[in-house]
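Trainee: A predicted structure for the sequence below; I have some questions about it.
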Amino acid sequence: MNMEHSSFGLIGLAVMGQNLALNIADHDYRISVFNRTYSKTLDFLNRNSYSDNLFGFEDLESFVASIRKPRKIIIMVQAGQATDAVIDCLVPLLDEQDIIIDGGNAKWTDTIRRENSLRDKNICFVGSGVSGGEEGARFGPSLMAGGSVYAWEQIKDAWIAISAKVDPSSGKPLEGGAPGQPITGGTPCAAYIGENGAGHYVKMVHNGIEYGDMQMICEAYHLMRDLLKMGPEEIGLTFSKWNEGELDSFLMHISADALQQKDPNQNGYLVDYVLDAAGQKGTGKWTSVNALDMGTPAPTVAEAVFARCMSAIKQERVDASEILSGPEQNSSQRIDKEQFLEAIRGALYCSKICSYAQGFQLMQAAAIEYEWSLNFGEIAQIWRGGCIIRAAFLQKITDAYTFNPNLANLLLDDYFKDSINKYQANWREVVSKGALNGIPTPTFSSALSYYDSYRSKLLPQNLLQIQRDYFGAHTYERTDSSRGNFYHVDWLNPDRPEIKI
């Protein structure tokens, strides 16, 4: 067999790499694969011998030589130093206009650095966000490509083919893919996002929003468990019902399913035996740190990250629970269960709207900072299928940016404005009841504060500016003067004269 004609190469046969390779092969693209441990390559080929489009190699030189020029090589290894090490090994073996595609969770600034460095060698670099986990990689992920237009044109057909598909009318994901039988038809969830690090940046914001979505569902669960005294199965069934309406999403679906899972070792439900100490891989933190660096408010994602940090200090919390007290529990307190469940549902939806508004606001700031031309309607569109945050809700975001591509904030769109007006009384009730009963609701609360701050004509930072001027001569602007004119009070002078700077 002529080994000169693989359309793609892929390095790194961990779970995501294996599944992406199989997805590509199922779409009739020949793909060469390489792993630093050759036994893993052989095992992968043996387990998937049904495919005529997979070819494995023991050495990097033979692997590179097997790929059609311009070569398109996908790297699926751990982000950071491992990615740089693979690139360093590849570069001497490549020709001008060959393309390296990083499909890992790389930090966008690393992608910008790598793209600049490889451009100097006339080698193209694509940083492509790949969202959807193991199943998404296998049967259709959401793909967010960043790099040169030339590089995108070389991979575009394949990226569109292997991506998730959604129904063009409803925006709901098309399902039913199987090995050797990929999903066909529908609208693809793949797009060219912009130059250099744009694809990985948008994937990072996606992951930050994912942190928020997950924490919000957990807060709803917490209120139902501790305030309404509902068990896992009942909560799961409630989530399943919610998943049939506005909250229809992948994360709501899996939460409903997981809550009803019986424990394999003990009587009862699995969730009751899982330790409440959450892990994280860093992309939520990157989103929060970048929001701070940009001066863009994204408090809900940050609170979702901090909630995981708080959960991680398990023993400290156990010890504190024996020392610190909360509000006294009023056993005579009566809560209308059905009414409060509806209130929680509304609070979850409103908080979700605000979290996405913050994510898109952050991407707007990044577009200015990095001179990217981001299409926010298209970004929402490709998140409708394949990715972890896929949800019916995203169709509304697509509609909002289609109607007004220059929308300053999702909260200003008529649909989202009306939704919050409809549910905000419930939202406030939930946050209040949580506080009064000592149940933390960090993302519900921060989203509500974000909403109230954003709609406020006057915030108390006028006092803050005087404080800053008082101790540090940081100056301030005046309401009766044009923006850009700064003033300072000489606080040490007994007469305290105001000076225009």
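Mentor: Structure received. What you are looking at is a predicted structure, and each value in this text was computed from that prediction instead of being measured. Residues are numbered from 1 along each chain as shown.
Trainee: now Phe139: phi and psi?
Mentor: Summarising the backbone geometry of Phe139 under the convention degrees, to the nearest 10, its torsions are phi -120, psi 0.
Trainee: ok, it touching Leu174?
Mentor: No: because the distance of 10.1 Å does not satisfy C-beta atoms under 8 Å, Phe139 is recorded as not touching Leu174. To be clear about C-beta, it is placed using only N, CA and C from the backbone, and glycine gets the same treatment.
Trainee: any common contacting residues for these two?
Mentor: Common neighbours of Phe139 and Leu174 are listed as Ala164, Ile183 (criterion: C-beta atoms under 8 Å, 6 or more residues apart in numbering).
Trainee: which of those two has more neighbours?
Mentor: Under the neighbour definition other C-beta atoms under 10 Å, Phe139 and Leu174 were set side by side, and Phe139 has more, 24 against 17.
Trainee: show me what contacts that one?
Mentor: Phe139 makes contact with Asn23, Ala164, Gly177, Ala178, Pro182, Ile183, according to C-beta under 8 Å, 6+ apart.
Trainee: and the pLDDT at the second one?
Mentor: The model reports Ala164 with a pLDDT of 95.
Trainee: that one: what's it in contact with?
Mentor: 132, 136, 139-142, 173-174, 183, 188-189, 385-387, 390.
Trainee: emit the PyMOL select command for whichever of those are buried.
Mentor: For anyone working in PyMOL, the buried entries among those, judged by 16 or more other C-beta atoms under 10 Å, can be selected with:
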select buried, resi 132+136+139+140+141+142+173+174+183+188+189+385+386+387+390
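Trainee: wait, which of the contacts of Ala164 is closest to Lys417?
Mentor: Arg390 (23.9 Å; C-beta to C-beta).
Trainee: identify the residue spatially nearest to that closest one, adjacent ones excluded.
Mentor: Among residues not flanking Arg390 along the chain, Phe250 sits closest, at 4.8 Å (C-beta to C-beta, 6 or more residues apart in numbering).
Trainee: using CSV, write down the CA coordinates of stretch 17-32.
Mentor: Listed next in CSV are the C-alpha coordinates belonging to stretch 17-32 (Å, rounded to 0.1, in the frame of the first residue of the first chain):
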residue,chain,number,x,y,z
GLY,A,17,-6.0,11.5,20.5
GLN,A,18,-7.3,8.0,19.8
ASN,A,19,-10.9,9.1,19.5
LEU,A,20,-10.1,12.0,17.2
ALA,A,21,-8.0,9.7,15.0
LEU,A,22,-10.9,7.3,14.7
ASN,A,23,-13.3,10.1,13.9
ILE,A,24,-11.0,11.3,11.1
ALA,A,25,-10.6,7.8,9.8
ASP,A,26,-14.3,7.2,9.8
HIS,A,27,-14.7,10.2,7.5
ASP,A,28,-12.5,8.5,4.8
TYR,A,29,-9.3,10.4,5.6
ARG,A,30,-6.2,8.3,5.8
ILE,A,31,-4.4,9.2,9.0
SER,A,32,-0.9,8.2,10.2
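Trainee: for the record, mean pLDDT for stretch 23-35?
Mentor: Stretch 23-35 comes out at a mean pLDDT of 97.
Trainee: typo on my end, stretch 316-336
Mentor: Computed over stretch 316-336, the mean pLDDT rounds to 87.
Trainee: okay, now Arg334: neighbour count?
Mentor: By other C-beta under 10 Å, the residues close to Arg334 number 6.
Trainee: mind listing what's buried in the top helix by length along the chain?
Mentor: In terms of residue count, the longest helix belonging to the chain (DSSP state H) is helix 337-370. Residues 340-341, 343-367, 370 are the ones in helix 337-370 that count as buried (16+ other C-beta under 10 Å).
Trainee: for stretch 432-448, same thing?
Mentor: Lys433, Gly434, Asn437, Ile439, Thr441, Pro442, Thr443, Phe444, Ser445, Ser446, Ala447, Leu448.
Trainee: so who does Gly284 touch?
Mentor: Counting by C-beta under 8 Å, 6+ apart, Gly284 makes contact with Asn207, Gly208, Glu210, Tyr211, Val301, Ala304, Val305, Arg308.
Trainee: contacts only, for the closest residue to it other than its chain neighbours.
Mentor: Ranked by C-beta to C-beta, 6+ apart and with sequence neighbours excluded, the top spatial neighbour of Gly284 is Tyr211, at 3.8 Å. By C-beta under 8 Å, 6+ apart, the contact list for Tyr211 reads Gln280, Thr283, Gly284, Thr287, Val301, Ala304, Val305, Arg308.
Trainee: tell me the SS of Tyr211?
Mentor: For Tyr211, the assignment made with DSSP: H, G, I helix; E, B strand; the rest coil gives helix.
Trainee: please renumber the chain so that the first residue is 896 from this point on.
Mentor: Yep, numbering from 896; the last one is Tyr1106 now.
Trainee: and the nearest residue to Gln913 once chain neighbours are set aside, what element?
Mentor: Distances taken as C-beta to C-beta, 6+ apart put Phe939 closest to Gln913, at 5.7 Å, once the chain neighbours are dropped. Of the helices and strands defined by DSSP states H and E, Phe939 is found in helix 933-942.
Trainee: can you name the next helix or strand after that helix?
Mentor: Next in sequence after helix 933-942, counting helices and strands by DSSP H and E, comes strand 949-952.
Trainee: helix or strand right after that following strand?
Mentor: Past strand 949-952, further along toward the C-terminus, the next helix or strand under DSSP H and E is helix 955-960.
Trainee: in that next one, what's buried?
Mentor: With the criterion 16+ other C-beta under 10 Å, helix 955-960 contains buried residues Leu955, Phe958, Val959.
Trainee: could you dump those residues into CSV with pLDDT added?
Mentor: Formatted as CSV, the entries for the buried residues of helix 955-960 read as follows, by pLDDT from 0 to 100:
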residue, pLDDT
Leu955, 97
Phe958, 97
Val959, 97
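Trainee: which one of the residues you listed is nearest Ile1018?
Mentor: Nearest to Ile1018 among those, with distances taken as C-beta to C-beta, is Val959, at 12.2 Å.
Trainee: quick check: closest non-adjacent residue to that closest one.
Mentor: With C-beta to C-beta, 6+ apart as the criterion, Val959 has its nearest non-adjacent residue at 4.4 Å, and that residue is Leu988.
Trainee: what's the local residue count around the one you found?
Mentor: Residue crowding around Leu988 was assessed by other C-beta under 10 Å; the count is 14.
Trainee: can you check the one 4 residues further on too?
Mentor: Taking other C-beta under 10 Å as the criterion, the count of residues near Gln992 is 14.
Trainee: kindly report the same for the one 10 residues further on.
Mentor: Neighbour count for Lys1002, taken as other C-beta under 10 Å: 19.
Trainee: and the one 5 residues further on, by the same measure?
Mentor: The burial metric for Ile1007, expressed as a neighbour count using other C-beta under 10 Å, is 20.
Trainee: repeat for Glu1029
Mentor: Glu1029 is surrounded by 13 other residues when neighbours are defined as other C-beta under 10 Å.
Trainee: surely it is in contact with Val910?
Mentor: Yes: shown here, Glu1029 and Val910 form a contact pair, counting by C-beta under 8 Å, at 5.3 Å.
Trainee: which residue ranges of this protein form strands?
Mentor: 903-906, 926-929, 949-952, 967-970, 994-997, 1019-1026, 1037-1041, 1060-1061, 1082-1083, 1085-1089, 1382-1384, 1393-1395 (DSSP state E).
Trainee: nearest to Arg1120, of those?
Mentor: Using C-beta to C-beta and comparing these, the one that lies nearest Arg1120 is strand 1019-1026, at 29.5 Å.
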